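# Could you work out the structure for the sequence below:
(2 chains)
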Protein chains: 2
Amino acid sequence: MNAPRYDVIAIGNAIVDVMAPCEEALLTRLGLNRGGMTLVDTERAEELYAAMGPAKEISGGSAANTLAGMAALGAKCAFIGQVADDQLGAVFSHDIRAGGIAFETPARAEDPPTARCLIFVTPDGERTMNTFLGASQFLPPAALDDSVIADAGILYLEGYLWDPEEPRSAMRRAIEVARAAGRKVAFTASESFVIARHGDDFRALMDEGKIDILFVNEHELATLTGEAEFEAGVAKVSAKVPVLVATRSAAGAIAVANGQRAEVAAEPVAKVVDTTGAGDLFAAGFLTGHARGESLERCLTMGAVCAAEIISHYGARPEADLKALVDTRLG
Amino acid sequence: MNAPRYDVIAIGNAIVDVMAPCEEALLTRLGLNRGGMTLVDTERAEELYAAMGPAKEISGGSAANTLAGMAALGAKCAFIGQVADDQLGAVFSHDIRAGGIAFETPARAEDPPTARCLIFVTPDGERTMNTFLGASQFLPPAALDDSVIADAGILYLEGYLWDPEEPRSAMRRAIEVARAAGRKVAFTASESFVIARHGDDFRALMDEGKIDILFVNEHELATLTGEAEFEAGVAKVSAKVPVLVATRSAAGAIAVANGQRAEVAAEPVAKVVDTTGAGDLFAAGFLTGHARGESLERCLTMGAVCAAEIISHYGARPEADLKALVDTRLG
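Modelled structure (predicted):
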């Protein structure tokens, strides 16, 4: 097996975040799912946008955010995702390429437009996401270049994208391609509702030994395992995946790899401005460390440093020099 | 004369800012006009965007930024400007309306797309702007609703928009409508290159007594008057306009109104992040004070407080509660 051309290739939503601060009362008035991610149709997206204050547009998408962090840390990355041939699609494509990430999926000419995520950020920094999937859900299996997938050390899959049918087929095929090439498959559960709908798929993939690295937060772990108690959930999943990473927001994170276990506290942050992307950037730090062969504890610390940077400002793409932050922290 | 429905109506570019941090060396490599505003065509816009790092999109436009500040301070505002019927046009329209500003100019169905301004922000916070005017330059005189212009206490005009022909005709007509209704006309010179091209127009308007309030920075003042020395320029222009406001970046600002003169220092800022919109927000604070009948010195202080807020973060639209900042400062 040759050294792979890319450290990681990810398949995920190609989304532009539309973010605005808001008061708690607005979440209630709009009936929003506080702190969660909800899929919305065109009509609801228009209703929510009309109720939103003046906003900023910043590229997003869970796996794409993770790659932006990994690329900033020096990893070689490629992305697969579906934008439409429109202005927001151009924005997404520009930003990911400007971050040094290979992105070759052709834009889709037909409706619907490029995906966007309407994010309401309350004064405590919590983000409430409302995603209009648009073009993103039409990523066809044909958009996958097998040779590129086979040429990446890790295939990283975004759980959100398991929900729509076409990308799910694409991801299933990508798993087979990666495994046949002897590569690792990493998966982020993304959100409890995805697990609620597709938990059987995920459990089957784990049982079949097709997931090498799994990222979950504590809520997703509970939904996935049916275990309300965190440690019971960890025990259940870590018996099935070689590497489990479970994040617990301000309570830090743990990882279990082949019987070994490590834990980190959350890194201190002067002020939590916007938690959008915290999990994505945790994964960025961890995976970069993992690809480099760092110890489990150092991988976790890299994740915690990246997550701390992203929650200190608006948007889920890094603003500070992540590499310098990580190097300083690890010494 | 009835009390006007709006405190101010502005005609300006309807633009979305595309902003990214950059190193000094990139400005040199791209041959950019450091600290200035340059008009670019489609090809150059594409070239510059390709060279730009991952960016944020935030609504901009000089006069629109001023209105966003005024509305945040409690003034009643209306805006006239031309977007295209596309995603960036929808973003601009959303943001201005979400700020509480009346905006009824219909989107233009044809090419070109909505205007954008590619802004490179160097580590000292200086912004270098490259504007693709797009739909903005096609604002037709027919887009003006005379009754609305006549129903605003102040007509505020953006010098940048004096350059393209159609909006210039529109603005000339708006001046006549406002004056016939007994309203005031305020004008911001915007940029030295505009004065270099259209100085004769501006001097004629001043000679004819058609400008009641003029905003300039020290460079624009020098270009307008041909006087290298600041005070000589002030003397020349203040003899012709009832209210002159001249800003001098970190050196503060002065105003001369009907023989009276006031001066303020710049407000302290912890860190200058991005100077985009400093002049626009200075105008917002000053004009709001002026519309309320505040003293010249208090008008200047309101301008300085608003300018200080805007340069402390990315983007030219206010993020903090401007009203609270101004109330605290004025006591």
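
# who's in contact with the residue in chain A positioned nearest to chain B?
Of the residues in chain A, the one nearest chain B is residue A:57, at a distance of 3.7 Å by C-beta to the nearest C-beta. The way it works is simple: take the backbone N, C-alpha and C, and place the C-beta from them, glycine included. Contact analysis of residue A:57 by C-beta atoms under 8 Å, 6 or more residues apart in numbering or on different chains lists A:16, A:17, A:18, A:19, A:88, A:91, B:56, B:57, B:58, B:91.

# Checking my notes, it in a strand, right?
Yes - Residue A:57 sits within a strand when classified using DSSP: H, G, I helix; E, B strand; the rest coil.

# Which positions in chain A make contact with chain B?
Within chain A, the positions near chain B by C-beta under 8 Å from any C-beta of the partner chain are A:18, A:20-21, A:49-50, A:52-59, A:68, A:86-88, A:91, A:94-96, A:98-99, A:113-114, A:315, A:317, A:319.

# ok, back up a step: just the ones in helices from the contacts of residue A:57, please.
Within the contacts of residue A:57, membership in helices is found for A:88, A:91, B:91, as judged by DSSP state H.

# ok, back up a step: among the contacts of residue A:57, which ones are buried?
Burial of the contacts of residue A:57 was assessed by neighbour count (16 or more other C-beta atoms under 10 Å in any protein chain shown); the buried members are A:16, A:17, A:18, A:19, A:88, A:91, B:56, B:57, B:58, B:91.

# Including pLDDT, could these go into a markdown table?
As requested, these are exported to a markdown table (pLDDT from 0 to 100):
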| residue | pLDDT |
| --- | --- |
| A:16 | 98 |
| A:17 | 98 |
| A:18 | 98 |
| A:19 | 98 |
| A:88 | 98 |
| A:91 | 98 |
| B:56 | 97 |
| B:57 | 98 |
| B:58 | 98 |
| B:91 | 98 |
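
# What ranges does the stretch 1-150 of chain A have for its helices?
Secondary structure of the stretch 1-150 of chain A (DSSP state H, counting those that start in this stretch): helices at A:24-30, A:42-51, A:62-72, A:87-98, A:146-150.

# Of those, which is nearest residue A:262?
helix A:62-72 (19.9 Å; C-beta to C-beta).

# What pLDDT is listed against the closest residue to residue A:295 other than its chain neighbours?
Beyond its immediate neighbours in the sequence, the residue positioned closest to residue A:295 (C-beta to C-beta, 6 or more residues apart in numbering or on different chains) is residue A:262, lying 7.6 Å away. Looking at residue A:262, its pLDDT stands at 98.

# burial of residue A:262, as a residue count?
Residues near residue A:262, counting by other C-beta atoms under 10 Å in any protein chain shown, number 17.

# The one 3 residues further on now?
Summarising burial for residue A:265: neighbours were counted as other C-beta under 10 Å, giving 12.

# if we can go back for a sec, would you reformat the contacts of residue A:57 as TSV and include distance to residue A:204?
Formatted as TSV, the entries for those read as follows, by distance: C-beta to C-beta, whole Å:
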residue	distance to residue A:204
A:16	33
A:17	32
A:18	36
A:19	36
A:88	35
A:91	37
B:56	41
B:57	41
B:58	45
B:91	42
